[in-house]
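Enquirer: coordinates only, sequence not included:
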Ligand SMILES: [Zn+2]
C-alpha cells in the first residue's frame, strides 16, 4: 500500500498492495486516517482485502516521546549516581586535608 498523491479535496489516492492488481483508488482522508489507527481491513475496487501495517505519524511520535522519556530517566539516574559519587570523593578529600593540616601543625612531613 503506498500513497501516490493527495487530491487536495479531502481524498487521498492509495494503491492496492496485491502485485497483480496495483489498482489505484481514492479514499477520504478521514477514512484513511481511521484505517491507519484501527488497522481494520478495507478492500480495493477489485475486492482485494488489505490493511495498513505501518504506524501513523502520531504513533511514531508517541513511540519517540516514550523512548526519549526513558532515556531521560536513565540520564537522571546516572546524574544522581555521579552526584553521590562526587559527594563521597569530596568527603574523603576533606578528611585527607584535615589529616594533612594536623600533621603540618605537629611538624611532621607529609
Ligand atoms: Zn487490488
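Expert: Cool, got the structure. Source: prediction; values computed, not measured.
Enquirer: Would you mind naming what in the protein lies close to the ion?
Expert: Residues of the chain lying close to the ion by CB under 5 Å from the ion are 16, 18, 21, 23, 44, 46, 48. For glycine as for every other residue, the C-beta is placed from the backbone atoms N, C-alpha and C.
Enquirer: so the third one makes contact with residue 43?
Expert: What it means is residue 21. No - taking CB atoms under 8 Å as the definition, residue 21 is not a contact partner of residue 43, at 10.9 Å.
Enquirer: Tell me which of the two has more neighbours.
Expert: Set side by side, residue 21 and residue 43 show more neighbours around residue 21, with 15 against 11, by other CB atoms under 10 Å.
Enquirer: Domains in the protein, by residue range?
Expert: 2-50, 55-110 (automatic domain parsing).
Enquirer: least reliable of those going by mean pLDDT?
Expert: Of all these, domain 2-50 carries the lowest average pLDDT, namely a mean of 87.
Enquirer: burial of residue 97, as a residue count?
Expert: Residue 97 has 10 nearby residues by other CB under 10 Å.
Enquirer: before we move on, what about residue 87?
Expert: Counted with other CB under 10 Å, residue 87 comes out at 10.
Enquirer: now it: how far from the ion?
Expert: Between residue 87 and the ion the distance is 67 Å, computed by CB to the ion, to the nearest Å.
Enquirer: Look up which helix or strand that residue falls in, please.
Expert: helix 57-105 (DSSP states H and E).
Enquirer: how close does the residue nearest to the spatial centre of the chain get to the ion?
Expert: The centroid of the chain falls nearest to residue 64 when counting by CA atoms, centre = their mean (1.9 Å). Per CB to the ion, residue 64 is found 33 Å from the ion.
Enquirer: same deal with residue 26?
Expert: Relative to the ion, and taking CB to the ion, residue 26 is found at 14 Å.
Enquirer: contacting residues around the nearest residue to that residue once chain neighbours are set aside?
Expert: The shortest distance from residue 26 to any non-neighbouring residue, by CB to CB, 6 or more residues apart in numbering, is to residue 11 (4.5 Å). For residue 11, the contact set (CB atoms under 8 Å, 6 or more residues apart in numbering) comprises 26-29.
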